[in-house]
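**Q** Quick one: sequence plus predicted model below, questions after.
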Amino acid sequence: MDPEVKCDIKGIEEAANILLRSKHAIAFTGAGISTESGIPDFRGPQGLWKQYSPEIATIDYFLQHPREFWLFYRVRMSTIFTAKPNRAHRALAELERMGVIKAVITQNVDGLHQAAGSKNVIELHGTMKRAVCMACGRVYPIDVVIRKIDSGQIPPLCDECGGVLKPDVVLFGEPVKDFDRARELALMSDAVLVIGSSLSVYPAAYIPIFVKEMGGKVIIINLEPTELDYIADVIIRCRAGDAMELLLEKIVSAKNREVP
Ligand code: APR
């Protein structure tokens, strides 16, 4: 799909109408919302899993090869820590500030929603901002961990007990975080705005399914088809930054027309 393709304005209008009519709308985001910030996604044409086997992101691989895992992760961390929120993150934060979006449930670990100003964010797959000792549970800010790695301690170890540190992200084979809270939010929502996810990883991908099952509307913004296009009420197939900017414009101008 040509990333320069123009957003379908009819889809944007339909999505805006759904969100304007909704009482409790949430967003569900994936790696595709951050590609315009320079962070590669996993399954898109330049996705990470085209270059590496996803086995490297399993808990078994981490436990057996912590050094190789951290060497791989250190490179990814460099990309993520220099990245800035893009137009899609900022528009989403603005929709939350306006009260149109009540919460963001994300699979991303890059912290860019919070950096853009989103307040109510659930990070199902954890965060790259911390690491945790596998032995005693002590938590370390990631800059401390980066210093350990860059001074040659790979894998980085706990100062207290010498245990191996692991980034506080959910690897394949581990339970996701805060799923009960995310499910509750989804079950009380009448609309979900899905941005930049192939919707192929569970249990995270249940979030839009829960909204649909409760009679809510599903809007999908994605460059390529997703695994759950068949449950979508509106599909907008263009770049997240373009789509979110247009969607915000439509919603702001509709709100400005509202009689006070
Ligand atoms: N605008 C819109 N869509 C985009 C953009 C963009 N600028 N860039 C990429 N996409 C789309 C891709 O076409 C792809 O379909 O975003 C989707 C990203 O899908 P994945 O790479 O599968 O990312 P995600 O759904 O977040 O993956 C879920 O898989 O490996 C794991 O733990 C990792 O949290 C991740 C999980």
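**A** Perfect, thanks for sending it.

**Q** Only C-alpha atoms from now on, for both contacts and neighbour counts.
**A** OK.

**Q** Helices of the chain, residue ranges please.
**A** Taking DSSP state H, the helices of the chain run over residues 9-21, 48-51, 59-64, 66-81, 87-97, 112-116, 142-150, 179-187, 206-213, 240-257.

**Q** and of the ones you listed, who's closest to the ligand?
**A** Among those, helix 240-257 comes nearest to the ligand, with 3.8 Å by CA to the nearest ligand atom.

**Q** Columns mean neighbour count on top of the helices of the chain, output as JSON lines?
**A** Formatted as JSON lines, the helices of the chain follow (neighbours: other CA atoms under 10 Å):
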{"stretch": "helix 9-21", "mean neighbour count": "18"}
{"stretch": "helix 48-51", "mean neighbour count": "13"}
{"stretch": "helix 59-64", "mean neighbour count": "15"}
{"stretch": "helix 66-81", "mean neighbour count": "16"}
{"stretch": "helix 87-97", "mean neighbour count": "22"}
{"stretch": "helix 112-116", "mean neighbour count": "20"}
{"stretch": "helix 142-150", "mean neighbour count": "16"}
{"stretch": "helix 179-187", "mean neighbour count": "18"}
{"stretch": "helix 206-213", "mean neighbour count": "21"}
{"stretch": "helix 240-257", "mean neighbour count": "18"}
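
**Q** how far away is the residue lying closest to P40 once chain neighbours are set aside from V176?
**A** In space, and not counting its chain neighbours, P40 is closest to G47: 5.8 Å by CA to CA, 6 or more residues apart in numbering. As judged by CA to CA, to the nearest Å, G47 and V176 stand 22 Å apart.

**Q** Compare neighbour counts for those two and give me the winner.
**A** It is V176, of G47 and V176, that has more neighbours when counted by other CA atoms under 10 Å, with 19 against 16.
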